[in-house]
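Q: Got a predicted model here, sequence first, then my questions.
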Amino acid sequence: MSTTFPDRVVPSNRSVFNLAWPLTLKAIMLHGIVVIDAYLVSSLGEAAVAVLGLSASIAGLLLGLIVAFSTATQIRIAQAFGSDDPVFLKSALLVGLTINLAVVLAGLVLLAAFARTIIDGLAHDAWIADQARRYLAVFAVVILAEAVGLCLTSFFNGCGETRLPALSYLIAVPVNVAVSLVLIHGLYGAPEMGVTGAAIGSALASLLQVGFLALVLLRSRADLLRVPGWRNGTFPASLRRHLVFALPIAATFASATIAANVCGLIYATLPVNQFAAMTIINPWVNVAGTVGMSWAQSTGIIVAQLLGRRTSEATLDAFLAGAWRASLVASGIVAAIYAAVCLATPWIYADLHRETQVMLLSFLPILVLLPFPKGSNAICGNTLRAGGETVYVMHVFLWSQWLFRVPATAVFVFWFEASVTWIFALLLVEELVKLAPFHLRFFKGDWKRGVVPQ
């Protein structure tokens with residue numbers, strides 16, 4: 001069911017929750033691709049986990065770009081849905097899909113050209129390098145499928161129909177687990193493929209998920225594809241306008257993804273046990289963190305819809321006050337999940353070396369504090385983007401990452417040779433660095449008086 005609000009009605013936290021829980025479920029399952037693969041291959045030992053960490057660092061660069069442009073498309077679709085303009089809605093969908101496919105195809109060409117050199121330079125030994133190349137060759141299918149799937153997901157999310165993308169992952173994830181488990185260990189007469197088997201399971205699941213979303217779109221909104229005209233007169237003009245809006249958002253997400261993966265490549269130089277600990281905990285940070293991030297994303301979707309209807313500042317303020325208070329509860333839930341994961345690592349990853357398990361437990365204090373500044377920053381960032389402040393949000397992310405997190409990570413690893421716990425703590429410090437610039441701009445309130453870009 002689509003979510004709409006009369007002009008004078010203040011959307012409630014229930015409205016945000018109705019959007020947020022399917023987004024959370026979908027995001028958990030999306031990030032869960034890596035968590036599932038990491039868990040299933042952990043029984044093969046730290047070297048297999050290192051293969052996954054190295055491969056994920058490289059593939060994550062391209063997936064991050066797709067997520068970035070899809071996020072921009074989602075905001076445009078929410079604005080179009082709020083303004084009740086079918087031409088705008090169609091243009092945002094088809095232009096967004098075109099951009100995603102162009103980005104992923106260019107990225108796969110670069111991946112084919114340079115991935116081998118990068119892997120060979122960073123892998124701890126020849127076996128890890130060979131397995132990482134095999135994993136990436138199959139995982140390219142996942143990347144291509146997500147280019148389409150994330151755009152379709154953005155369409156449904158922007159229209160308030162967040163349950164459909166969540167349902168698509170509910171269908172796909174069991175396939176991922178079952179196929180991966182069989183092919184990793186060679187069960188029931190299947191070939192024993194190790195880490196590559198996990199990639200095949202992820203690829204089949206992604207194709208199934210995209211097929212489901214495409215079928216639903218064609219059956220429920222085929223009329224939209226037949227709407228004549230384009231938002232800015234022609235398709236090329238609409239493409240250019242969409243890019244003007246999307247590029248700062250894409251730059252923000254690209255920067256975050258590149259910074260995370262550059263740090264991931266720096267982590268790859270750590271001793272195997274420390275690198276394995278970082279490889280295991282980082283997907284959990286993303287998975288559990290989606291509770292708070294999905295609440296912030298849902299808040300941004302509703303703000304974009306309200307701005308598309310030119311809702312009053314008083315209504316926006318009342319809505320955001322309630323959404324912000326509820327985000328503290330979401331952050332508390334995330335902190336509890338992090339604590340449970342850390343305390344359970346000796347049982348979840350019983351096959352790993354005792355030293356690796358101790359390192360995972362050492363992350364606990366950091367993870368309990370991290371969700372609170374991160375959740376508040378996310379509310380600010382998503383709201384400012386919905387109000388057109390995409391360039392400002394981009395600057396906050398760029399400078400906090402490239403003037404602080406990446407160089408600090410390199411200094412901690414290469415210069416101080418610090419313990420993995422201190423290196424992981426930089427995630428928390430980065431959120432504290434972003435706190436002031438985000439909140440000062442948010443409370444200034446200029447974003448409320450902006451006009452939805454044409």
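A: Structure received.
Q: Secondary structure element holding the spatially closest residue to W230 that is not a sequence neighbour?
A: Setting aside the residues directly before and after it, W230 is nearest to S238 in space (Cβ to Cβ, 6 or more residues apart in numbering), at 4.5 Å. All C-beta spots, glycine's among them, are computed from the backbone N, C-alpha and C. S238 is part of helix 235-267, with elements assigned from DSSP states H and E.
Q: Show me which residues of that helix are buried.
A: Buried residues in helix 235-267, counted by 16 or more other Cβ atoms under 10 Å: 238-239, 241-242, 245-267.
Q: Tell me which helix or strand comes right after it.
A: Toward the C-terminal end, the helix or strand that comes next after helix 235-267 (DSSP H and E) is helix 272-308.
Q: In terms of secondary structure, what does that following helix contact?
A: helix 13-42, helix 46-83, helix 126-158, helix 235-267, helix 313-348, helix 354-362, helix 371-386, helix 420-444 (3 or more Cβ pairs under 8 Å, 6 or more residues apart in numbering; DSSP states H and E).
Q: That helix: how far from the chain's middle?
A: Distance, stretch centre to chain centre, for helix 272-308: 6 Å (Cα atoms, centre = their mean, to the nearest Å).
Q: again with stretch 344-362
A: With Cα atoms, centre = their mean, you get 26 Å for stretch 344-362.
Q: Which positions in that stretch come out as buried?
A: 345, 348-349, 352, 356-357, 359-360, 362.
Q: what's the span of it, first residue to last?
A: 12 Å (Cα to Cα, to the nearest Å).
Q: Let me see the contact set for P371.
A: 289, 292, 330-332, 334-335, 338 (Cβ atoms under 8 Å, 6 or more residues apart in numbering).
Q: out of those, which is most surrounded?
A: G292 (29 neighbours; other Cβ atoms under 10 Å).
Q: surely that residue meets P373?
A: No - contact status for G292 versus P373: not in contact, 10.5 Å apart, counting by Cβ atoms under 8 Å.
Q: Excluding covalently adjacent residues, which one is nearest to S83?
A: Excluding the flanking residues, the one nearest S83 by Cβ to Cβ, 6+ apart is G308, at 4.3 Å.
Q: and the helix or strand A112 falls within, what other elements does it pack with?
A: Assigned by DSSP H and E, A112 belongs to helix 86-122. Here helix 86-122 touches helix 46-83, helix 126-158, helix 222-225, helix 235-267, going by 3+ Cβ pairs under 8 Å, 6+ apart.
Q: mind putting the helices and strands packed on helix 272-308 in a markdown table, distance to Q274 included?
A: Below are these laid out as a markdown table (distance: least, Cβ to Cβ, whole Å):
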| stretch | distance to Q274 |
| --- | --- |
| helix 13-42 | 15 |
| helix 46-83 | 10 |
| helix 126-158 | 15 |
| helix 235-267 | 8 |
| helix 313-348 | 14 |
| helix 354-362 | 6 |
| helix 371-386 | 23 |
| helix 420-444 | 4 |
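Q: Take the ones you listed and write them to JSON lines, including distance to L213 and mean pLDDT.
A: Putting the helices and strands packed on helix 272-308 into JSON lines (distance: least, Cβ to Cβ, whole Å; pLDDT from 0 to 100) gives the following:
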{"stretch": "helix 13-42", "distance to L213": "11", "mean pLDDT": "73"}
{"stretch": "helix 46-83", "distance to L213": "12", "mean pLDDT": "79"}
{"stretch": "helix 126-158", "distance to L213": "4", "mean pLDDT": "84"}
{"stretch": "helix 235-267", "distance to L213": "20", "mean pLDDT": "84"}
{"stretch": "helix 313-348", "distance to L213": "26", "mean pLDDT": "90"}
{"stretch": "helix 354-362", "distance to L213": "35", "mean pLDDT": "88"}
{"stretch": "helix 371-386", "distance to L213": "23", "mean pLDDT": "94"}
{"stretch": "helix 420-444", "distance to L213": "32", "mean pLDDT": "94"}
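Q: wait, the residue nearest to W230 sits on K90?
A: No - at 9.5 Å, S238 and K90 do not qualify as touching, with contact defined as Cβ under 8 Å.
Q: S298 is nearest to which of the helices and strands packed on helix 272-308?
A: helix 13-42 (3.8 Å; Cβ to Cβ).
Q: In contact with the residue nearest to the spatial centre of the chain, which residues?
A: Nearest to the mean C-alpha position of the chain, by Cα atoms, centre = their mean, lies V67 at 6.2 Å. Listed by Cβ under 8 Å, 6+ apart, the contact set of V67 reads 150, 253, 257.
Q: Also V406?
A: 259, 262-263.
Q: And for this structure, the residue most distant from the center?
A: Distance from the C-alpha centroid of the chain peaks at G189, with 35.9 Å (Cα atoms, centre = their mean).
Q: can you pull the contacts of it?
A: Counted by Cβ under 8 Å, 6+ apart, G189 has zero contacts.
Q: Excluding chain neighbours, what is closest to N232?
A: S238 is the one closest to N232 (Cβ to Cβ, 6+ apart), at 4.5 Å.
Q: give me every residue that touches that neighbour.
A: 91, 95, 230-232.
Q: okay, among those, which ones form the most distant pair?
A: V95 and N232 (9.6 Å).
Q: neighbour count winner among these two?
A: Using other Cβ under 10 Å, the more surrounded residue of V95 and N232 is V95, with 25 against 18.
Q: can I assume the more buried one is in contact with R240?
A: No - with contact defined as Cβ under 8 Å, V95 does not count as touching R240 (9.4 Å).
Q: got TSV for the contacts of V67, with distance to R133 too?
A: Listed next are these as TSV, based on distance: Cβ to Cβ, whole Å:
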residue	distance to R133
L150	25
F253	26
T257	21
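Q: Of the residues you listed, just say which sits nearest to L384.
A: Nearest to L384 out of these is F253 (Cβ to Cβ; 14.4 Å).
Q: just to confirm, which helix or strand has R310 in it?
A: With DSSP H and E as the criterion, the answer for R310 is that it lies in no helix or strand.
Q: which phi and psi does it have?
A: Phi and psi for R310, reported as degrees, to the nearest 10, are phi 60, psi 50.
Q: What distance do you get for it to A323?
A: R310 sits at a distance of 20 Å from A323 (criterion: Cβ to Cβ, to the nearest Å).
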